[in-house]
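model this:
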Amino acid sequence: MIALIQSVETENDIHKIPTSVESSEPTVLSDIYQSSKNMAIWQRTNSNQIDNTVDKILESKKSLKLVIEVTPQSTQTDLQRVLGELDSDKVLSSDIAKLVDMFCYLFELESVGLRLTALQESMCPRFHVDKVDCRLITTYKGNGTQWLPHEIVDRSKLGAGNKGLNDDLSGIYKKEIDIKNLACGDVALLKGEAWIGNENAGIVHRSPPVAKEETRLVLTLDILP
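Purely as a prediction, here's the structure:
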């Protein structure tokens, strides 16, 4: 397990406009505890082994949709029951188990909700916020999640406020350049509306468009009720 040192919040962090933070070091994920941060991004690139394994899995299981509760100790075994020889070297299940371990350690959890999904279309194509405390998202294949910096979002356009208009017409953002993208392989913690003190500041995000004949493989981890 990679140790995560919880960030110490200072008085200056309070009441700041929420911002994202990113680093190539996994310890950046602990910055999610700062009230001034609503997204923490561990920038990383999937190994060639993981890429090859993911390609093999998607060739065989284009409709993969795994939703289970796991513990750090059970994750790899639970995934092997589903993936079997498709992950013969256990490189993908091992990587996911590491992320589960980190997530549980960071939030002092015994188990988490795991979703591993192959997608041929956008699962959540509209910009939105999640009614959760915090969610981990990483993309193993395809384009990463899109998000908007807090300071440029017109939150009145979320949900019914868009009046049925697409995101590019609703006014939720001003320019296409405002849209940010996670890279494939990045591991992100997205603070939601249920995080205490983060009301009306949950990170606004959406699934990226999926090209024809393309399949994404996305992992999410959630804190269970």
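
Rank the helices and strands of this structure by mean pLDDT and give me the bottom one.
Lowest by mean pLDDT, DSSP states H and E among the helices and strands of the chain is helix 167-170, with a mean of 80.

The residue most central in space within the chain and Ala118, how far apart?
Nearest residue to the geometric centre of the chain (CA atoms, centre = their mean): Ile137, 1.6 Å. From Ile137 over to Ala118 the distance is 15 Å, taken as CB to CB, to the nearest Å. Quick note: C-beta positions are derived from backbone N, CA and C, even for glycine.

Please apply the same query to Ser36.
Distance, Ser36 to Ala118, by CB to CB: 36 Å.

quick one: Lys131 and Gly192 touch, right?
Yes - judged on CB atoms under 8 Å, Lys131 makes contact with Gly192 at a distance of 6.2 Å.

Tell me where this structure is predicted with low confidence.
For the chain, the stretches flagged by pLDDT under 70 are 1-15, 122-123.

go with 50
The chain contains residues with pLDDT under 50 at 1-3, 5-6, 8, 10-12, 14.

in it, which spans are helices?
Using DSSP state H, the helices of the chain run over 48-60, 75-83, 91-107, 167-170.

Let's have the ones you listed in JSON lines, adding mean neighbour count.
As requested, the helices of the chain are exported to JSON lines (neighbours: other CB atoms under 10 Å):
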{"stretch": "helix 48-60", "mean neighbour count": "16"}
{"stretch": "helix 75-83", "mean neighbour count": "18"}
{"stretch": "helix 91-107", "mean neighbour count": "20"}
{"stretch": "helix 167-170", "mean neighbour count": "14"}
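
circling back to that earlier point, of Ser36 and Ala118, give the one with the bigger neighbour count.
Between Ser36 and Ala118, Ala118 has the larger neighbour count (other CB atoms under 10 Å), namely 20 against 16.

what sits against the more buried one?
Ala118 is in contact with 57-58, 61-65, 215-217, counting by CB atoms under 8 Å, 6 or more residues apart in numbering.

Is it bridged to anything, and to what?
Leu217 (DSSP bridges).

now it: how far from His205?
Distance, Ala118 to His205, using CB to CB: 20 Å.

and what of Lys62?
For Lys62 relative to His205 (CB to CB), the value is 25 Å.

Name the residues of stretch 198-212 that are buried.
Buried positions in stretch 198-212, judged by neighbour count with 16 or more other CB atoms under 10 Å: 198, 201-208, 210.

could I get the residues you listed as TSV with distance to Asp78?
Output for the buried residues of stretch 198-212, formatted as TSV (distance: CB to CB, whole Å):
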residue	distance to Asp78
Asn198	31
Ala201	34
Gly202	29
Ile203	28
Val204	32
His205	27
Arg206	29
Ser207	25
Pro208	28
Val210	27
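
Can you tell me which of these is nearest Asn52?
Closest approach to Asn52 among these (CB to CB): Val210, at 21.2 Å.

Name all residues that make contact with Ile203.
So Ile203 contacts 18, 20, 38-39, 129, 147, 150, 190-192 (CB under 8 Å, 6+ apart).
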